[in-house]
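A.B. asks: Got a predicted structure plus its sequence, pasted below:
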Amino acid sequence: MLLDYDRLGWLKVALLAFTALAAAFLLLPVIFIVLLSFGSSRWLAFPPPGWTLRWYQELFADPSWIEAALTSARIATTTAILAVVIGLLASFALVRGQFRGREVLRGLLLTPMVLPVVVFAIAIYAFFLRLGLGGTTIGFVIAHTVLALPFAMIPIATALEGFDKSIEDAAIVCGASPLEAKLRITLPSIRIGVFSAAIFSFLASWDEVVVAIFMASPTLQTLPVKIWGSLRSDLTPVIAAASSLLVALTLALMIVTALLRRKLQT
Amino acid sequence: MSVEAKQGIAPLRIPAGLGGLLPALILIGLFFVVPVLALLLRSVTDPAPGLQNYAALLGDVTYARVFFNTFLVALVVTIVTVLVAFPVAWMLAIMPATLASVLFGIIILSMWTNLLTRTYAWMVLLQRTGVINRTLMGAGIIDQPLPLINNLTGVTIGMVYIMLPFMILPLVGTLRAIDPMTLRAAALCGASPLAAFRRILLPLSLPGIAAGGLMVFVMSLGYFVTPALLGGTSNMMLAEMIAQMIQSLLNWGLGSAAAFILLVVTMALYALQLRLVGVRRSTGGA
């Protein structure tokens, strides 16, 4: 009976209460930050003594925040495009190929997701210092693409495994070139996977802190580096304002994802 | 390749053959494998060839404490995360779809929200004059602010918050895969709810708990951001120590050696997890 929702009795009440508490634990810090960003207390008193837009004004008046956000957007977009393209090619080879050592290669390409980021961060930092790529946009994009690749490959490979290859073969039999069949038949069929891959690899770069801290230079810093620097000096409400905008962006991404999924699935 | 001949249809040259793997292999080989190996090499060559960096790390009480702290926090975080995640996943697996989608929305929102944003929220909530201390003092439960931040308590709270979705989501899958009939049968045969839980539900969800728990443990071992911001200087964790050795002390030899130890432990536990669940399930099928 333990897996019958309607027959749990008093246990259901207890478990639901616990679940509600856990949901509050997950949700409240996010709401709290958004409320604080509109609060008038510089020392983040809660509940706020009054409401203000001052922190948002300070945020937008400071060009270094805007610049950091634009840098992040640029790097994350490039990373997402590269990770999806490389991930697509690799997924086709891994899912369709029958060569020896396939599982080993699959594991190797997914390792960046498992290795503690700090190890990769100092490794690539040392490497780029030698190559002269430290503190450059190119260096950022390469390092972030390494980290984003597993996040791109997983949804694409999953989608590809669920796709019936005989449909693609049928297109080829009907006269389509192999490439044409892939672009016009297979790719549209796995678009949900490709779309998820794009979102995940964008977020993997956009939110990435550790590599960015090592890689950043005084002239090139991403949004997380900027937040990190501010957090270490003081807990100004301007960070709450920046954070709230990031929460808004997350919500927007979630809504877009949900809508697109619904649209693509029908 | 004989593979293409076997397919019988025109060979798919560009993406389907091994060629498609080339960009990924070049990227990972050149910018992941080579740098990491170079770092490991440095741990036995910098400043002089030999194992003196490892000897220094393993023979010093200060470093031993960092290792101990790291394992302790990872262990506590894993246990708390499992204990909180299990009932939530249980409910998520069986509750009506509408309610479940609201809950999933909350979990995804928390998971996708910027890591620094979430850590910042906890820094504000947990500080001496923060909401939690004020509320508790206002209610007369405590008369001194509790030290919730700059110590392992703060790190544990912040880490459980971050790890919870990683434990809940896979567990829901495990629990949904269990046939409710087995539990109905147990009840029919006279098993009390407690017995049914202990002897059926728990054992059947153990693979999910083990896999998720191991993942949380591994992630916690190497975590940098949350411990660095919510922890104190006197009880540092491993990832933070590695970063500090490189960034502030410029001691590449020692930092690389510590990184190598972290890498070996992580990879060993990861291999264990793969044995438990298999490559496909642990990585979501990729």
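C.D. replies: In hand now; what should we look at? Bear in mind that the values here come from a model prediction, so they are computed numbers and not experimental data. Numbers count the residues shown, from 1 in each chain, chains lettered A, B, ... in the order given.
A.B. asks: Tell me which residues touch the residue lying closest to B:Gly50 once chain neighbours are set aside, please.
C.D. replies: Once flanking residues are discounted, B:Gly50 sits nearest to B:Val44: 6.8 Å by C-beta to C-beta, 6 or more residues apart in numbering or on different chains. Every residue, glycine included, has its C-beta placed from N, CA and C. Taking C-beta atoms under 8 Å, 6 or more residues apart in numbering or on different chains as the criterion, B:Val44 is in contact with B:Gly50, B:Leu51, B:Asn53, B:Ala257.
A.B. asks: now check stretch A:221-232, is it near chain B?
C.D. replies: Yes. Legend: contact between stretch A:221-232 and chain B by C-beta under 8 Å from any C-beta of the partner chain is shown at A:Pro224, A:Ile227, A:Trp228, A:Leu231, A:Arg232.
A.B. asks: Quick one: buried ones out of those?
C.D. replies: Among the residues of stretch A:221-232 next to chain B, those buried by neighbour count (16 or more other C-beta atoms under 10 Å in any protein chain shown) are A:Pro224, A:Ile227, A:Trp228, A:Leu231.
A.B. asks: Of the residues you listed, which is the nearest to chain B?
C.D. replies: Using C-beta to the nearest C-beta, A:Ile227 comes nearest to chain B of these, at 4.7 Å.
A.B. asks: Was I right to think the closest one contacts B:Arg118?
C.D. replies: No. Distance between A:Ile227 and B:Arg118: 11.5 Å, which falls outside the contact criterion (C-beta atoms under 8 Å).
A.B. asks: circling back: which among the residues of stretch A:221-232 next to chain B gets closest to B:Gly138?
C.D. replies: Each of the residues of stretch A:221-232 next to chain B was scored against B:Gly138 by C-beta to C-beta, and A:Leu231 proved nearest at 27.1 Å.
A.B. asks: The closest one is in what secondary structure piece?
C.D. replies: With secondary structure defined by DSSP states H and E, A:Leu231 is part of helix A:223-233.
A.B. asks: Show me what that helix packs onto, helices and strands only.
C.D. replies: The contact analysis (3 or more C-beta pairs under 8 Å, 6 or more residues apart in numbering or on different chains; DSSP states H and E) places helix A:223-233 against helix A:63-96, helix A:210-215, helix A:237-265, helix B:115-126.
A.B. asks: How many residues are close by the residue of the stretch 51-200 of chain A found nearest chain B?
C.D. replies: In the stretch 51-200 of chain A, the residue that lies nearest chain B is A:Pro116 (2.5 Å; C-beta to the nearest C-beta). When neighbours are counted by other C-beta atoms under 10 Å in any protein chain shown, A:Pro116 registers 22.
A.B. asks: picking up where we left off before, which among the contacts of B:Val44 end up buried?
C.D. replies: B:Asn53, B:Ala257.
A.B. asks: which of the contacts of B:Val44 lies closest to chain A?
C.D. replies: Out of the contacts of B:Val44, the one with the shortest distance to chain A is B:Ala257. That distance is 11.6 Å, counting by C-beta to the nearest C-beta.
A.B. asks: I figured the closest one was touching B:Ala55, is that so?
C.D. replies: No. The pair B:Ala257 / B:Ala55 is not scored as a contact, 9.3 Å apart, by C-beta under 8 Å.
A.B. asks: secondary structure element for the nearest residue to A:Ala23 once chain neighbours are set aside?
C.D. replies: On the basis of C-beta to C-beta, 6+ apart, the spatially nearest residue to A:Ala23 that is not a chain neighbour turns out to be B:Ile106, at 5.1 Å. In the assignment (DSSP H and E), B:Ile106 maps to helix B:97-112.
A.B. asks: Give the other helices and strands that that helix contacts.
C.D. replies: Here helix B:97-112 is seen to pack against helix A:10-37, helix A:237-265, helix B:61-94, helix B:152-176 when contacts are counted using 3+ C-beta pairs under 8 Å, 6+ apart.
A.B. asks: Now with 10 Å, please.
C.D. replies: Contact here means 3 or more C-beta pairs under 10 Å, 6 or more residues apart in numbering or on different chains; DSSP states H and E; on that basis helix B:97-112 packs against helix A:10-37, helix A:191-206, helix A:237-265, helix B:61-94, helix B:152-176.
A.B. asks: And those helices: which comes nearest A:Arg54?
C.D. replies: helix A:237-265 (8.0 Å).
A.B. asks: quick one: that closest one to helix B:97-112, angle?
C.D. replies: Counting by axes from the mean of the first three to the mean of the last three C-alpha atoms, to 10 degrees, helix A:237-265 points 130 degrees away from the direction of helix B:97-112.
A.B. asks: Quick check, the residue in the stretch 101-250 of chain B closest to chain A?
C.D. replies: The nearest approach of the stretch 101-250 of chain B to chain A comes at B:Gly222, 2.5 Å away (C-beta to the nearest C-beta).
A.B. asks: Now B:Pro47: closest residue in space that isn't a chain neighbour?
C.D. replies: The shortest distance from B:Pro47 to any residue that is not its chain neighbour, by C-beta to C-beta, 6+ apart, is 5.7 Å, and that residue is B:Gly253.
A.B. asks: for that neighbour, helix, strand, or coil?
C.D. replies: In three-state terms, and counting by DSSP: H, G, I helix; E, B strand; the rest coil, B:Gly253 is helix.
A.B. asks: so how far is B:Val33 from it?
C.D. replies: Per C-beta to C-beta, to the nearest Å, B:Gly253 is found 21 Å from B:Val33.
A.B. asks: quick one: A:Ala216 and A:Gly135 touch, right?
C.D. replies: Yes. Using C-beta atoms under 10 Å, A:Ala216 and A:Gly135 qualify as a contacting pair, with a distance of 6.8 Å.
A.B. asks: Which one's more surrounded, the two?
C.D. replies: It is A:Ala216, of A:Ala216 and A:Gly135, that has more neighbours when counted by other C-beta under 10 Å, with 21 against 17.
A.B. asks: Quick check on that one: phi, psi?
C.D. replies: Note on A:Ala216: backbone dihedrals following degrees, to the nearest 10 are phi -60, psi 150.
A.B. asks: coming back round to it: would you single out the least confident of the helices and strands packed on helix A:223-233?
C.D. replies: Looking over the helices and strands packed on helix A:223-233, mean pLDDT reaches its minimum on helix A:237-265, with a mean of 89.
A.B. asks: circling back to that earlier point, between B:Gly253 and B:Val33, tell me which one has more neighbours.
C.D. replies: Of the pair B:Gly253 and B:Val33, B:Gly253 is the one with more neighbours under other C-beta under 10 Å, namely 20 against 14.
A.B. asks: residues contacting that one?
C.D. replies: The neighbourhood of B:Gly253, defined by C-beta atoms under 10 Å, 6 or more residues apart in numbering or on different chains, consists of B:42-48, B:50, B:52-54, B:56, B:245.
A.B. asks: Could you pick out the buried ones from these?
C.D. replies: B:Arg42, B:Ser43, B:Val44, B:Asp46, B:Asn53, B:Tyr54, B:Met245.
A.B. asks: The second one touches B:Ile242, doesn't it?
C.D. replies: No. B:Ser43 is not in contact with B:Ile242 according to C-beta under 10 Å; the separation is 11.1 Å.
A.B. asks: any residues in contact with both of the two?
C.D. replies: Contact criterion C-beta under 10 Å, 6+ apart; residues shared by B:Ser43 and B:Ile242: B:Leu254, B:Gly255, B:Ser256, B:Ala257, B:Ala258, B:Ala259, B:Phe260, B:Ile261.
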